[in-house]
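K.L.:
I need the structure of the sequence given here:
(one chain, ligands or ions: 1)
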Amino acid sequence: MRVIMLIDMDYFFVACEEIKRPELKQKPTIVGADPKEGKGRGVVMTCNYAARKFGIHSAMPISQAYKIKPDAEYLPMDYSYYESKSNEVFSIIKTFAEKVEQVSIDEFFIDLSVTLSEASDALEYAKRIKEAIATRAKLPCSIGISENKLIAKMACEKAKPSGIKLVRGADAKSFIAKMKLGELYGIGSKTEERLNALGYTTAEELAKASIMSLMENFGSFGIELHNIANAIDESEVVEAGDAKSISREQTFESDTSNPAEISSSIRRLASELGTELESKKISFKTIGIKLRYSDFSESLHGRTIRQTNQPGQIAETALSLFKENSEGRRKIRKLGVRVSGLTSYRSQKSLF
Ligand SMILES: [Mg+2]
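P.N.:
Below you'll find the predicted structure:
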């Protein structure tokens, strides 16, 4: 049995600001775009619970937040400060777990299967981690615990704000049964819409769908959808530097040889990869593409450049690999972009 935790910082950017100015705790505070007296563009990045009481939430247009609460405290992003706090949290968590996988600036997975034997220990252990982060980094967090990353993530959502929630493996499926598909980790709003159109609204309903019918509609992603709905997630906690490669793949709705469609897909996959690498502070030196044709044959192509953390290099290299290796009108079914030769640059000085 595995023990996986997701540690997710609560209202992270504003919580960081509250360290500098504790009086903000009592005041609705928003970090994000400049509201420019209601004319500002851009969105709320994070807000504290004092602001949430008024219905303000992250990703809301900043102009709308201003309409609701013009006298709230509006602050610009102080990214280098948040990054230094994130590094501090990482180091604290690292004293509790051998491997820490940073998912974003304020989310961390750890695998405690070897450290902990009993699930009851896990709750105690999570409390200690939470306290250590609160006293040393002065930041609040929530922790989800389960046997896999998917359910740990969902448990953490329910634990917010500032809670700890354990979902045992035997309860995992019923825990997500009534959830809407879009609430599930790994199912985006586009996929949710398509699933709704097929008649599936909740995890429980999707769990009953046959893998074959899901694959007819979603290609190999259908298998993943089936696993998510059934609370299955075998993926491991991987710390930056341990992973041999990171990749992104896309199966086309219908097989294509259209260069414009393929190029735009390469750009999108490359940019997703770039975002992940940046958030995990990983540099790379080899870029590869994988082409699977409509007859299911595959070709792999790669190029090694110098070690870099420039995300733009991924799209540039992947596109030229495609130009050099695409076989004219042969239709492509699935496309993958991959980087390897990974190194963590966390310990290096920030560029800011
Ligand atoms: Mg968070």
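K.L.:
need the pLDDT of the spatially most central residue of the chain.
P.N.:
Centroid check for the chain by Cα atoms, centre = their mean gives Val103 as the closest residue, at 5.3 Å. The per-residue pLDDT reported for Val103 equals 85.
K.L.:
do the same with Gly219
P.N.:
86.
K.L.:
re earlier: what sits against the residue nearest to the residue nearest to the centre of the chain when sequence neighbours are not counted?
P.N.:
Nearest non-adjacent residue to Val103, counting by Cβ to Cβ, 6 or more residues apart in numbering: Phe109, 6.3 Å away. (Glycine included, C-beta is placed from N, CA and C.) Listed by Cβ atoms under 8 Å, 6 or more residues apart in numbering, the contact set of Phe109 reads Ile4, Met5, Leu6, Ile7, Val100, Glu101, Val103, Lys149, Ala152, Val237.
K.L.:
can I get those residues in a markdown table with secondary structure and distance to the ion?
P.N.:
Output for those, formatted as a markdown table (DSSP: H, G, I helix; E, B strand; the rest coil; distance: Cβ to the ion, whole Å):
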| residue | secondary structure | distance to the ion |
| --- | --- | --- |
| Ile4 | strand | 17 |
| Met5 | strand | 14 |
| Leu6 | strand | 10 |
| Ile7 | strand | 9 |
| Val100 | strand | 16 |
| Glu101 | strand | 15 |
| Val103 | strand | 10 |
| Lys149 | helix | 16 |
| Ala152 | helix | 14 |
| Val237 | coil | 18 |
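K.L.:
which of those residues scores worst on pLDDT?
P.N.:
For the contacts of Phe109, the pLDDT minimum is Val103, 85.
K.L.:
test my guess that it contacts Glu239.
P.N.:
No: assessed by Cβ atoms under 8 Å, Val103 is found out of contact with Glu239, at 11.6 Å.
K.L.:
just give the number of residues close to Gly144.
P.N.:
27 (other Cβ atoms under 10 Å).
K.L.:
doesn't His57 fall inside a helix?
P.N.:
No: per DSSP: H, G, I helix; E, B strand; the rest coil, His57 lies outside any helix segment and is coil.
K.L.:
any idea how far Ala134 lies from Ser86?
P.N.:
Per Cβ to Cβ, to the nearest Å, Ala134 is found 15 Å from Ser86.
K.L.:
ditto for Gln313
P.N.:
24 Å.
K.L.:
next: Lys334.
P.N.:
35 Å.
K.L.:
who's more crowded, those two?
P.N.:
More neighbours surround Ser86 than the other of Lys334 and Ser86, with 24 against 18 (other Cβ under 10 Å).
K.L.:
so the more buried one makes contact with Ile105?
P.N.:
Yes: assessed by Cβ under 8 Å, Ser86 is found in contact with Ile105 at 4.9 Å.
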